[in-house]
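>>> sequence and predicted model, in that order:
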Amino acid sequence: ASYRFYGSPSSRYDLSPTSHIIEVDSVPTPTLAALLECTRGKADGEVVRVKTVDLEGRLRMTTLKLDLKYWPTFTLSRSAAGEWSRTMEAPAEAEQDGLG
(Lines give C-alpha, C1' and ligand atoms only; values in the text may rest on other atoms or scores of the structure.)
Protein backbone atom coordinates (compact mmCIF):
# COMPACT_ATOMS: atom_id res chain seq x y z
CA ALA A 1 0.00 0.00 0.00
CA SER A 2 1.44 3.35 -0.97
CA TYR A 3 -1.37 5.61 0.17
CA ARG A 4 -4.73 5.29 1.88
CA PHE A 5 -7.75 7.53 1.73
CA TYR A 6 -9.72 8.36 4.86
CA GLY A 7 -12.70 6.02 5.17
CA SER A 8 -11.29 3.41 2.78
CA PRO A 9 -11.00 -0.22 3.91
CA SER A 10 -7.24 0.18 4.31
CA SER A 11 -7.84 3.18 6.58
CA ARG A 12 -10.60 1.48 8.57
CA TYR A 13 -8.55 -1.70 9.09
CA ASP A 14 -5.26 0.18 9.67
CA LEU A 15 -3.18 -1.05 6.73
CA SER A 16 -0.12 1.15 6.88
CA PRO A 17 0.93 3.03 3.72
CA THR A 18 4.45 1.65 4.22
CA SER A 19 3.38 -1.99 4.35
CA HIS A 20 3.66 -4.55 1.58
CA ILE A 21 0.80 -7.00 1.03
CA ILE A 22 2.45 -10.39 0.74
CA GLU A 23 -0.60 -12.70 0.94
CA VAL A 24 -4.35 -12.55 0.38
CA ASP A 25 -6.35 -15.47 1.77
CA SER A 26 -3.09 -17.46 2.23
CA VAL A 27 -2.12 -17.01 -1.45
CA PRO A 28 1.27 -15.28 -2.00
CA THR A 29 1.08 -11.94 -3.84
CA PRO A 30 4.63 -11.16 -5.02
CA THR A 31 3.39 -8.88 -7.81
CA LEU A 32 0.54 -6.46 -8.39
CA ALA A 33 -0.87 -8.87 -10.98
CA ALA A 34 -0.92 -11.65 -8.37
CA LEU A 35 -2.69 -9.36 -5.89
CA LEU A 36 -5.31 -8.44 -8.48
CA GLU A 37 -5.81 -12.10 -9.37
CA CYS A 38 -6.43 -12.94 -5.69
CA THR A 39 -9.04 -10.22 -5.30
CA ARG A 40 -10.68 -10.63 -8.70
CA GLY A 41 -14.03 -12.28 -8.31
CA LYS A 42 -14.51 -11.15 -4.73
CA ALA A 43 -17.93 -9.63 -4.05
CA ASP A 44 -18.76 -6.39 -2.28
CA GLY A 45 -18.84 -7.03 1.46
CA GLU A 46 -16.75 -10.18 1.23
CA VAL A 47 -14.06 -10.60 3.89
CA VAL A 48 -10.42 -11.25 2.92
CA ARG A 49 -7.44 -12.10 5.09
CA VAL A 50 -4.40 -9.96 4.34
CA LYS A 51 -0.83 -10.63 5.45
CA THR A 52 1.57 -7.68 5.34
CA VAL A 53 5.18 -6.93 6.13
CA ASP A 54 6.37 -3.47 7.18
CA LEU A 55 9.64 -1.73 6.35
CA GLU A 56 11.28 -3.25 9.43
CA GLY A 57 10.28 -6.80 8.45
CA ARG A 58 7.46 -7.22 10.99
CA LEU A 59 4.65 -9.47 9.80
CA ARG A 60 1.01 -8.65 10.47
CA MET A 61 -2.19 -10.41 9.52
CA THR A 62 -5.62 -8.81 9.49
CA THR A 63 -9.00 -9.30 7.91
CA LEU A 64 -10.91 -6.63 6.08
CA LYS A 65 -14.30 -6.35 4.47
CA LEU A 66 -14.27 -5.21 0.85
CA ASP A 67 -16.26 -2.08 0.05
CA LEU A 68 -16.46 -2.24 -3.73
CA LYS A 69 -19.43 0.10 -3.97
CA TYR A 70 -17.55 3.15 -2.68
CA TRP A 71 -13.95 1.89 -3.04
CA PRO A 72 -13.77 -0.19 -6.24
CA THR A 73 -10.53 -1.86 -7.27
CA PHE A 74 -8.63 -0.04 -9.99
CA THR A 75 -5.10 0.32 -11.32
CA LEU A 76 -3.35 3.48 -12.43
CA SER A 77 -0.85 3.35 -15.25
CA ARG A 78 1.17 5.96 -17.06
CA SER A 79 1.80 5.94 -20.81
CA ALA A 80 5.09 6.83 -22.47
CA ALA A 81 3.56 10.23 -23.27
CA GLY A 82 2.99 10.86 -19.56
CA GLU A 83 -0.78 10.41 -19.63
CA TRP A 84 -2.36 8.61 -16.68
CA SER A 85 -5.17 6.11 -17.18
CA ARG A 86 -7.40 4.35 -14.69
CA THR A 87 -8.54 0.78 -15.31
CA MET A 88 -11.43 -0.52 -13.21
CA GLU A 89 -11.41 -4.15 -12.14
CA ALA A 90 -14.76 -5.85 -12.62
CA PRO A 91 -16.34 -6.94 -9.30
CA ALA A 92 -17.95 -10.32 -8.86
CA GLU A 93 -21.62 -10.43 -9.66
CA ALA A 94 -23.75 -10.50 -6.55
CA GLU A 95 -25.51 -13.82 -6.14
CA GLN A 96 -29.25 -13.64 -6.46
CA ASP A 97 -31.12 -15.02 -3.48
CA GLY A 98 -34.34 -15.56 -5.39
CA LEU A 99 -36.24 -13.00 -3.33
CA GLY A 100 -37.72 -10.14 -5.15
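Structure's in. What do you need?

>>> number of nearby residues for residue 46?
A count of nearby residues for residue 46, using other C-beta atoms under 10 Å, gives 14. C-betas here are computed from N, CA, C, even on glycine.

>>> strands of this protein, start to end?
20-24, 27-28, 47-53, 59-65, 74-78, 84-88 (DSSP state E).

>>> which one, of those, ends up nearest to residue 13?
Nearest of the strands of the chain to residue 13, taken as C-beta to C-beta: strand 59-65 at 4.1 Å.

>>> tell me the buried residues in that closest one?
residue 64 (16 or more other C-beta atoms under 10 Å).

>>> give the pairing partners of that strand; include direction for each.
Looking at strand 59-65 with DSSP bridges, its partner strands are strand 47-53 (antiparallel).

>>> quick one: residues in contact with the partner strand.
1, 15-16, 19-26, 38-39, 42, 59-66 (C-beta atoms under 8 Å, 6 or more residues apart in numbering).

>>> still on that earlier bit, would you mind putting the strands of the chain into a markdown table with mean pLDDT and distance to residue 7 alongside?
Output for the strands of the chain, formatted as a markdown table (pLDDT from 0 to 100; distance: least, C-beta to C-beta, whole Å):
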| stretch | mean pLDDT | distance to residue 7 |
| --- | --- | --- |
| strand 20-24 | 94 | 19 |
| strand 27-28 | 96 | 27 |
| strand 47-53 | 95 | 18 |
| strand 59-65 | 93 | 13 |
| strand 74-78 | 88 | 16 |
| strand 84-88 | 90 | 19 |
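
>>> contacting residues around stretch 22-34?
21, 35, 38, 39, 48, 49, 50, 51, 52, 53, 75.

>>> so what's residue 8 closest to, chain neighbours aside?
Leaving aside its sequence neighbours, residue 8 sits nearest to residue 71 (C-beta to C-beta, 6 or more residues apart in numbering; 5.1 Å).

>>> mind listing what's buried in the lengthiest helix in the chain?
Longest helix of the chain, by residue count under DSSP state H: helix 32-39. By 16+ other C-beta under 10 Å, the buried positions in helix 32-39 come out as 35, 36, 38, 39.

>>> gap between residue 88 and residue 42?
14 Å (C-beta to C-beta, to the nearest Å).
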